[in-house]
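Asks: Here is a sequence together with a model predicted from it:
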There are 2 protein chains.
Amino acid sequence: MVHAVDNQPPHHVVIVGGGFGGLYAAKALANTSVKVTLIDKRNFHLFQPLLYQVATGTVSPADISSPLRSVLSRSKNTQVLLGQVNQIDPEAQTVMVGKEAISYDSLIVATGAKHSYFGKDEWSEFAPGLKTVEDAIEMRRRIFMAFEAAEKETDPEIRARWLTFVIVGGGPTGVELAGAIAELAYNTLKQDFRKIDTSEAQVILLEGLDRVLPPFAPELSQEAAKSLEKLGVNVQTSTFVTNLENEIVTMKQGDVVKQIGAKTVLWAAGVKASPVGKALHSSTGVELDRAGRVIVEPDLSISGYENIFVVGDLAHFAHQNGKPLPAVAPVATQEGEYVASLIQKRLSQETLPPFNYIDRGSLAVIGQNHAVVDLGFMKLKGFFAWLFWLFVHIYYLIEFDNKIVVMTQWIWNYFTRNRGARLITGAEVLADDFSQSVNSPQPAPVQEREVVKV
Amino acid sequence: MVHAVDNQPPHHVVIVGGGFGGLYAAKALANTSVKVTLIDKRNFHLFQPLLYQVATGTVSPADISSPLRSVLSRSKNTQVLLGQVNQIDPEAQTVMVGKEAISYDSLIVATGAKHSYFGKDEWSEFAPGLKTVEDAIEMRRRIFMAFEAAEKETDPEIRARWLTFVIVGGGPTGVELAGAIAELAYNTLKQDFRKIDTSEAQVILLEGLDRVLPPFAPELSQEAAKSLEKLGVNVQTSTFVTNLENEIVTMKQGDVVKQIGAKTVLWAAGVKASPVGKALHSSTGVELDRAGRVIVEPDLSISGYENIFVVGDLAHFAHQNGKPLPAVAPVATQEGEYVASLIQKRLSQETLPPFNYIDRGSLAVIGQNHAVVDLGFMKLKGFFAWLFWLFVHIYYLIEFDNKIVVMTQWIWNYFTRNRGARLITGAEVLADDFSQSVNSPQPAPVQEREVVKV
């Protein structure tokens, strides 16, 4: 049991992970009577919902990132530690950061999820995902390099492959990526090349279920698909990717097998829970779901350990309607704040009703000035939905300078359709080993396989 | 000889390099009667004078970069080619980009310079330089990681090494870096750490000559040194670095040898010309100076080849006062514009007087709100010099959104002293192999060497 006793060292809350769940828990505990240690392996909080805008050249990584130390610098009870937790000992009440053991009174685990290839990890080379700043920069490099390579390519077959972009996964990230790439190809870059017509590019969005944006109401999924197609995206639902190899995407639609030759494949499909979930399972025996998420109690603690909490994408919370809450920022934020509040209540011998997620709606943007918003009691689409989306995102960006800068870039982007942050960085770009340097090493000859254009 | 003849294909100007020299030549030739091909190995123009602000976390790379295609998209006579020139054949009038030969009528070589370790290339690992976006991100990673590592370090000796920053070279870049790091340590980061006092950091600027900012008037060098010292920088002039190894900087001051233990050493000393200079020397016999720069004629062409021009940092132009023009943006810009104009004059059978650099002054910024400006007829220092510096830099940023964004970041930085772009990215940061992951692999024990604190 947790008690507040005078003349004792303050109750120590250790938070692992500085994403939405961890950071909002830390913010809620700022300058309270507890002592807080926030551990993250990165020195910044990342506003992941806008990461696709880094990948497609609208904003810079720093515009959607906030240094954790700076966000929490006025929380004098809070310490930020850069490091990775590799062990949790629930009996000794310690976490190991490198070789250092840190004791806790309450532990909040908020290490999130990363993208998953459903066991096909070899696909990652060809089809990068989008979870970190580095992922986004790599995607950006591949997307813009594809247009550059196409401009230099004389073989029309290979040029078409450079101009084919396949996005796997029709959730919000996939929809947003597909919309942004379509706009790049059909608007932004159109005037910039002299040998290729970028509007010949193909942007293909593949989704396994029967509609895009499955968490939304069916009519908004339909609206989103319609808007994507208007932008020029080829939307393929009920489509399962069965192989990604040698610049060929193989998929199944019902009983039909199709193949697409593409140099750029972006992964926006499954996620799997952070390995800290597994560590927690080994040390506490807590149950995990199939995706590796930790099954939590109604108060977000884990079975048998009332002072260990899991929040955000790593938590499987199904006490509300039997289905686990979705892996989105508002869930993580509310969970983090709830646990912060629960810890404080306990210290003053009070109680708190079980966690209850208040769903304020779902949003997804489709290209330049179109979005779908599902507020439950109301559904918006089109320009007003986009304005709504825009203000919500600006509002939730942590720091004021980021708000201004992102706003500026969006206004600039809106009026000029230009994207200033389309730098190809990271790998040195040499002209003569172009095709080697960009994607998979050994392109298969297209002719040898039965390639069906979808 | 170059002639404009009707019904012939347009005169083809090939520009190699999209820095200030190359880009301003291309801009001056936009929508004229010539055909222009601009070749660069990067897809963006980089505003190098502000690169130190990326390295110290004020702005993002994209804020000071402009996609070349977007800058030139309305120049319908201009084609941008991503690639590296590896051969020049002055007789056939072709340049090789990878395996592709591109013919030119006039050639402008503007491939600039990179940093040089005076033959000690092994120093580069320990003391990175600052010429590319990747360089800046690596410097940023090392600077901010040093504070993080110090926060975790319990050995006071090693902690002091983490908090010692040595900048080699007292030119504008070195002065600007030293000022910015001093402000980070003594202002920005002061509230952000709980275990270390960042104001215990040492920032040491080493310069071989007897004063910092050698191109400026002596009284401004003195003013700059005074301002740096007020910010907390330890300025050491007449100091030659003789070795960089195992986290030890060895230097000579007159006959005295000194050593400093430091984990972070930043290189802002010599530059050497791009290797294209050497290629030009082999194929045309043109003379190079000791730094590898191409000695150009009064019209910036090279001896014996009136249709090959060299501009910017790669050019050694000493026809004005016997001394080569300095390697700064205004020289490159004016040279690029001069050559563009000369090519057009020749096509209409006109002549142009030899190139004449108009020196509008030198500027360097020292920390938050202090600068020195040498306009020749007038010298400014302090706050007004800083305002002047600020407006000049905003004015010359190529794109409007960059102007707004950089301005926003500077205003934010000015009022809050915060730096939002201080992301540690690139290498994955693991807690337990911290010291290994950051800098040189084998720290020498400090005690075994005679280390003199300067």
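Replies: Everything's here; your move.

Asks: Return the residues in contact with the spatially closest residue to A:Phe383 that is not a sequence neighbour.
Replies: Once flanking residues are discounted, A:Phe383 sits nearest to A:Asn369: 5.6 Å by C-beta to C-beta, 6 or more residues apart in numbering or on different chains. All C-beta spots, glycine's among them, are computed from the backbone N, C-alpha and C. A:Asn369 makes contact with A:383, A:386, A:414 under the criterion C-beta atoms under 8 Å, 6 or more residues apart in numbering or on different chains.

Asks: three-state assignment of A:Asn369?
Replies: State at A:Asn369, reduced to three classes by DSSP: H, G, I helix; E, B strand; the rest coil: coil.

Asks: got a pLDDT number for it?
Replies: pLDDT recorded at A:Asn369 is 78.

Asks: Same question for A:Ala136.
Replies: Listed pLDDT for A:Ala136 reads 95.

Asks: Now do the contacts for it.
Replies: Going by C-beta under 8 Å, 6+ apart, A:Ala136 touches A:51-52, A:54-55, A:61, A:130.

Asks: could I get those residues as CSV with secondary structure and pLDDT?
Replies: Formatted as CSV, these follow (DSSP: H, G, I helix; E, B strand; the rest coil; pLDDT from 0 to 100):
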residue, secondary structure, pLDDT
A:Leu51, helix, 95
A:Tyr52, helix, 95
A:Val54, helix, 95
A:Ala55, helix, 96
A:Pro61, helix, 93
A:Leu130, coil, 95
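
Asks: Closest to chain B out of the residues you listed?
Replies: Closest to chain B out of those is A:Pro61 (6.1 Å), distances taken as C-beta to the nearest C-beta.

Asks: I figured that closest one hits A:Asp135, correct?
Replies: No - if you go by C-beta atoms under 8 Å, A:Pro61 and A:Asp135 don't touch, sitting 10.6 Å apart.

Asks: who's more crowded, those two?
Replies: A:Pro61 (24 against 19; other C-beta atoms under 10 Å in any protein chain shown).

Asks: and that one, how far is that from A:Val405?
Replies: 12 Å (C-beta to C-beta, to the nearest Å).

Asks: picking that back up, how near is the residue nearest to A:Phe383 to chain B?
Replies: In this view, A:Asn369 and chain B are 18 Å apart by C-beta to the nearest C-beta, to the nearest Å.

Asks: again, but for A:Arg293
Replies: The gap separating A:Arg293 from chain B is 23 Å, by C-beta to the nearest C-beta.

Asks: Around that residue, how many other residues sit close by?
Replies: Residues lying near A:Arg293 (other C-beta under 10 Å) number 24.

Asks: got a list of what the nearest residue to it once chain neighbours are set aside touches?
Replies: What sits nearest to A:Arg293 in space, not counting adjacent residues and going by C-beta to C-beta, 6+ apart, is A:His316, at 3.9 Å. The contact partners of A:His316, by C-beta under 8 Å, 6+ apart, come to A:288-289, A:291, A:293-296, A:324.

Asks: repeat that with 10 Å
Replies: A:His316 sits next to A:273, A:277, A:287-296, A:310, A:324-325, A:327 when contact means C-beta atoms under 10 Å, 6 or more residues apart in numbering or on different chains.

Asks: gap between it and chain B?
Replies: Relative to chain B, A:His316 is positioned 27 Å away (C-beta to the nearest C-beta).

Asks: That residue bridge partners, please.
Replies: Each beta-bridge partner of A:His316 is listed here, defined by DSSP bridges: A:Ile295.

Asks: Distance of it relative to A:Ile302?
Replies: 11 Å.

Asks: list residues touching both of those two?
Replies: Common contact partners of A:His316 and A:Ile302 (C-beta under 10 Å, 6+ apart): A:287, A:294-296, A:310.

Asks: Name only those of these that count as buried.
Replies: Buried by 16 or more other C-beta atoms under 10 Å in any protein chain shown: A:294-296, A:310, out of those.
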